[in-house]
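This is the structure alone, sequence omitted:
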Ligand SMILES: Cc1ncc(COP(=O)(O)O)c(C=O)c1O
């Protein structure tokens with residue numbers, strides 16, 4: 001699995017996903033009390049009647065694949081991000097792949113990204129034919145360290161693009177990254193797969209780069225089952241992405257059988273788009289709940305021996321994950337599990353340490369990413385948590401770390 005949050009079982013609603021060693025614990029039922037007590041899940045998609053009705057309407061219409069529902073979702077999601085165009089895709093990885101192709105990244109290009117992310121951030125760069133190079137992260141935000149990026153750009157002259165990742169729901173330092181991109185003439189493709197609605201000074205992620213990409217995987221802040229979206233203000237980039245995800249057709253779906261270039265079928269279905277439109281309406285409420293849950297956890301964990309997440313001045317964190325740093329993660333995770341609280345490790349191995357990235361062409365050491373991979377643990381923060389469950393998560397961390405005073 002290795003992505004942020006559990007993978008629900010095939011019915012998409014089960015709270016009993018397959019656990020993966022050391023990462024996705026806590027999503028199964030607790031057996032030690034006769035199976036009655038539920039674990040507090042690390043993630044739990046909220047699907048309601050609006051999504052069911054929207055899917056029914058699509059099924060009735062008979063337009064199951066690409067169609068008007070997808071066009072409406074693209075328009076609405078792009079507007080939410082504050083940009084002109086959206087191109088819906090089959091998932092976040094294909095969105096990244098298509099966006100990179102659309103901004104002109106390809107064979108021979110070198111693209112800087114974060115090593116502390118889901119592997120898709122770098123895989124998409126390689127799938128577009130380019131070479132990812134990793135730059136270390138800031139230990140407080142877990143996002144690309146702009147000073148390290150500046151040093152790397154001063155050192156090498158072959159970098160053509162940057163893919164900043166807005167990890168855990170917190171925007172990367174886009175003002176500095178965009179400034180450096182202008183200085184070094186780089187394309188910027190934001191990996192916003194974990195950050196729907198995150199802001200810097202009131203401006204939403206998705207609106208800073210030449211293009212930006214989102215994932216709608218079930219654990220994300222909003223879902224379509226599987227799904228993704230490229231957003232951009234640039235009409236030519238949008239047209240190129242729309243063509244690339246549709247076998248290189250020039251004029252999009254229904255545009256006949258003229259294929260101007262090579263492409264894929266990375267299209268979103270109308271069923272997914274219908275779910276997405278219903279979820280998008282709920283996204284502001286979902287994010288507000290995440291922020292409230294995070295604020296309460298931070299308040300209750302103030303005197304616990306864990307580092308709680310930071311929200312820099314002017315930033316709006318949307319807490320895709322609520323991630324603490326601890327010097328004994330294994331013990332904390334085991335103690336939480338004991339108390340019925342799920343947790344997750346995102347990510348236990350930086351991308352530059354993955355077997356598929358070990359041949360040395362992808363850049364040097366990233367010690368802060370290594371340290372984060374060893375010390376971070378994500379706690380439940382999702383909007384389906386009750387107030388009691390948020391308190392129970394905080395109580396469990398306090399008890400596990402032996403904080404006895406009441407807060
Ligand atoms: C940071 C990041 N990038 C890319 C992706 C890829 O998205 P998807 O799983 O929808 O392909 C994910 C999803 O897990 C992600 O978290």
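The structure has been received and is ready for your questions. Remember, it's a predicted structure, so these values are computed and weren't measured experimentally.

residues contacting the closest residue to the ligand within the stretch 51-200 of the chain?
Scanning the stretch 51-200 of the chain for proximity to the ligand using Cβ to the nearest ligand atom identifies residue 92 as nearest, at 2.4 Å. Quick note: C-beta positions are derived from backbone N, CA and C, even for glycine. Residues near residue 92 by Cβ atoms under 8 Å, 6 or more residues apart in numbering: 120, 193, 213, 214, 215, 216, 217, 228.

so how far is residue 309 from it?
As for residue 92, its distance to residue 309 is 22 Å (criterion: Cβ to Cβ, to the nearest Å).

What of residue 115?
Separation of residue 115 from residue 309 (Cβ to Cβ): 19 Å.

Could you check which of the two has the larger neighbour count?
Using other Cβ atoms under 10 Å as the criterion, residue 115 and residue 309 rank with residue 115 on top: 31 against 23.

next one: whatever helix or strand residue 296 lives in to chain centre, how far?
Element membership of residue 296, judged by DSSP states H and E, is helix 270-300. The offset between the C-alpha centroid of helix 270-300 and the centroid of the whole chain comes to 13 Å, using Cα atoms, centre = their mean, to the nearest Å.

Please see if it touches the ligand.
No - applying Cβ under 6 Å from any ligand atom, one finds that helix 270-300 is not in contact with the ligand, the shortest distance being 11.2 Å.

what helices or strands is that helix leaning on?
Contacts defined by 3 or more Cβ pairs under 8 Å, 6 or more residues apart in numbering; DSSP states H and E place helix 270-300 against helix 49-61, helix 68-81, strand 85-89, strand 322-325, helix 387-400.

Dig out what the nearest residue to residue 104 once chain neighbours are set aside forms beta bridges with.
Residue nearest to residue 104 in three dimensions, not counting chain neighbours: residue 187, with 6.7 Å by Cβ to Cβ, 6 or more residues apart in numbering. Taking DSSP bridges as the rule, residue 187 bridges to residue 161.

who's in contact with residue 187?
Contacts were defined as Cβ under 8 Å, 6+ apart; by that measure residue 187 touches 103, 104, 105, 160, 161, 162, 181, 209, 210.

please redo it, this time with the cut-off set to 7 Å
103, 104, 105, 160, 161, 210 (Cβ atoms under 7 Å, 6 or more residues apart in numbering).

Mind putting these into JSON lines with pLDDT, neighbour count and distance to the ligand?
Conversion of the contacts of residue 187 to JSON lines gives the following (pLDDT from 0 to 100; neighbours: other Cβ atoms under 10 Å; distance: Cβ to the nearest ligand atom, whole Å):
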{"residue": "103", "pLDDT": "98", "neighbour count": "24", "distance to the ligand": "17"}
{"residue": "104", "pLDDT": "98", "neighbour count": "14", "distance to the ligand": "20"}
{"residue": "105", "pLDDT": "98", "neighbour count": "24", "distance to the ligand": "16"}
{"residue": "160", "pLDDT": "98", "neighbour count": "19", "distance to the ligand": "20"}
{"residue": "161", "pLDDT": "98", "neighbour count": "24", "distance to the ligand": "16"}
{"residue": "210", "pLDDT": "98", "neighbour count": "21", "distance to the ligand": "17"}
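
and residue 134, how far is that from residue 119?
Here the criterion is Cβ to Cβ. By it, residue 134 lies 12 Å from residue 119.

Between the two, point out the one with more neighbours.
Regarding residue 134 and residue 119, a neighbour count based on other Cβ under 10 Å identifies residue 134 as having more, with 27 against 17.

what about the nearest residue to the more buried one once chain neighbours are set aside, which SS state?
Setting aside the residues directly before and after it, residue 134 is nearest to residue 115 in space (Cβ to Cβ, 6+ apart), at 3.9 Å. Classification of residue 115 into helix, strand or coil gives coil, according to DSSP: H, G, I helix; E, B strand; the rest coil.

Just the pLDDT at residue 115, thanks.
Model confidence at residue 115, given as pLDDT, is 98.

In this structure it contacts residue 347, no?
No - under the criterion of Cβ atoms under 7 Å, residue 115 lies out of contact with residue 347, with a separation of 9.3 Å.

thinking again about what came up before, pick the most buried one from the helices and strands packed on helix 270-300.
Per-residue neighbour counts averaged over each of the helices and strands packed on helix 270-300 give the maximum for strand 85-89, namely a mean of 28 (mean count of other Cβ atoms under 10 Å).

Helix or strand next in line after it, which one?
Counting by DSSP H and E, the element after strand 85-89 in chain order, helix or strand, is helix 92-102.

can you tell me the average pLDDT over that next one?
pLDDT averaged over helix 92-102 equals 98, rounded to a whole number.

What of stretch 218-237?
So the average pLDDT for stretch 218-237 ends up being 98.

what do you get for stretch 397-407?
Stretch 397-407 comes out at a mean pLDDT of 77.

just to revisit the earlier point, need the max-distance pair from the contacts of residue 187.
160 and 210 (11.7 Å; Cβ to Cβ).

before we move on, back to that, reformat the helices and strands packed on helix 270-300 as TSV; add distance to residue 303.
Compiled in TSV, the helices and strands packed on helix 270-300 are given as follows (distance: least, Cβ to Cβ, whole Å):
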stretch	distance to residue 303
helix 49-61	41
helix 68-81	38
strand 85-89	44
strand 322-325	13
helix 387-400	9
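
hmm, back to that, between the helix holding residue 296 and helix 49-61, how many degrees?
Using axes from the mean of the first three to the mean of the last three Cα atoms, to 10 degrees, the direction of helix 270-300 lies 170 degrees away from that of helix 49-61.
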